[in-house]
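Visitor: Pasted the sequence and its predicted model underneath.
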Amino acid sequence: MQSKLNLVEPRIAVKADAYVFDIDGTILVTRDLVHWNGLHKAMLEVYGVDTTIEGIPYHGKTDIGILRAALERCGIGGSAFERGLPEARAVICREVSAHATEILGDVCPAIPELLLELSASGKLLGIASGNLEIVGWHKVNAARVREFFSFGCFGDHSESRSEIFANAISEIKRRLGSDARACFIGDTPEDIRAARHVQAQIVAVSTGTYSRQELASLTPDGCCRSCTEMLGSLR
């Protein structure tokens with residue numbers, strides 16, 4: 001009997017009406033400091049702290065959660081954090097927009113092909129990301145796949161990935177009806193946990209920082225090296 005830690009074969013047993021993708025580590029991996037610098041600028045301008053997110057475990061976290069963790073490390077939290085948050089969000093979006101052409105993203109294997117395949121088969125495609133919305137769409141644009149996505153749910157007003165996924169489920173049901181089946185595609189344990197929280201299917205892909213073994217140990221519905229293994233398999 002195949003171990004749960006082994007790679008799920010390309011014939012993934014997933015059927016859905018809508019597929020919802022994470023961005024960082026799933027659609028692309030960025031090689032620039034545009035987003036990083038935007039967070040730094042927000043902490044400096046709004047909170048008066050010259051710090052970065054260095055050392056913060058940010059993979060799978062939301063922008064607001066990352067910002068909170070970095071500032072709490074500097075002694076800024078609670079009401080002081082909340083008061084500055086609207087302005088901090090605006091600064092991050094401003095900075096990323098100003099430097100959007102500098103975003104250098106390596107598109108993850110087979111992402112364009114998979115999106116084309118799913119789109120051609122009539123699937124609704126969306127984004128669920130902890131990025132702020134403006135930041136997230138700039139990254140999707142950098143990957144040159146914006147045309148495939150009909151909607152996006154982001155972390156502007158939520159630190160919880162589960163809430164972001166729940167918003168995506170609500171949008172899918174609004175568009176396709178209450179019986180619509182959803183499947184999320186992501187690269188972190190947080191994606192798997194969030195999908196389970198909203199009782200949705202999840203295919204994990206190890207194109208981010210987590211290994212197949214780490215992701216498979218959480219028993220997603222599928223676990224692949226890359227989206228290449230999903231081609232011809234998602235229904």
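Guide: Perfect, thanks for sending it. From a predicted model like this one, the values you see are computed outputs, not experimental measurements.

Visitor: Pull the residues that contact the helix ranked longest in the chain.
Guide: The longest helix of the chain (DSSP state H) is helix 78-98. Applying CB atoms under 8 Å, 6 or more residues apart in numbering, the contact partners of helix 78-98 are 34-35, 37-39, 41-43, 45-47, 63-64, 67-68, 71-72, 132, 134-135, 138, 156. C-beta coordinates here come from the backbone N, C-alpha and C atoms, glycine included.

Visitor: Narrow these to those in helices?
Guide: Per DSSP H, the contacts of helix 78-98 map to helices at 34-35, 37-39, 41-43, 45-47, 63-64, 67-68, 71-72, 134-135, 138.

Visitor: Which members of those residues are classed as buried?
Guide: 34-35, 37-39, 41-43, 45-47, 63-64, 67-68, 71, 134-135, 138 (16 or more other CB atoms under 10 Å).

Visitor: Where does the prediction get shaky in this protein?
Guide: Scanning the chain for pLDDT under 70 picks out 1-11.

Visitor: Swap in 90 and give it another go.
Guide: Within the chain, the segments meeting pLDDT under 90 span 1-13, 56-60, 157, 235.

Visitor: List the contacts of E117.
Guide: Contacts of E117 (CB under 8 Å, 6+ apart): 231-232, 234.

Visitor: out of those, which is most surrounded?
Guide: With neighbours taken as other CB atoms under 10 Å, the top of the contacts of E117 is L234, carrying 21 neighbours.

Visitor: Now that residue: closest residue in space that isn't a chain neighbour?
Guide: V14 (5.7 Å; CB to CB, 6 or more residues apart in numbering).

Visitor: Provide a list of residues in contact with the one you found.
Guide: Neighbours of V14 in contact, by CB under 8 Å, 6+ apart: 183, 201, 203, 221-222, 233-235.

Visitor: and it, which of the three is it?
Guide: coil (DSSP: H, G, I helix; E, B strand; the rest coil).

Visitor: any idea how far Q201 is from it?
Guide: The gap separating V14 from Q201 is 5 Å, by CB to CB, to the nearest Å.

Visitor: Same check on L104?
Guide: 32 Å.

Visitor: before we move on, back to that, ok, of the contacts of E117, which one's closest to R175?
Guide: L234 (18.6 Å; CB to CB).

Visitor: does A195 really touch Q201, like I thought?
Guide: Yes - counting by CB atoms under 8 Å, A195 does reach Q201; the two are 6.8 Å apart.

Visitor: which residues do the two both contact?
Guide: Joint contacts of A195 and Q201 (CB under 8 Å, 6+ apart) are F184.

Visitor: Between the two, tell me which one has more neighbours.
Guide: A195 (28 against 21).

Visitor: What's opposite the residue lying closest to that one once chain neighbours are set aside in the beta bridge?
Guide: In this structure, A195 finds its nearest non-sequential neighbour in I202, 3.6 Å apart by CB to CB, 6+ apart. I202 has these beta-bridge partners by DSSP bridges: F184.

Visitor: burial measure for I202, as a count.
Guide: 26.

Visitor: list the contacts for S158?
Guide: 62, 64, 164, 167.

Visitor: how near is it to F165?
Guide: Counting by CB to CB, the gap from S158 to F165 is 10 Å.

Visitor: same thing with G48?
Guide: Counting by CB to CB, the gap from G48 to F165 is 34 Å.

Visitor: Looking at those two, which one has more neighbours?
Guide: F165 (27 against 10).

Visitor: Alright, I will stop here.
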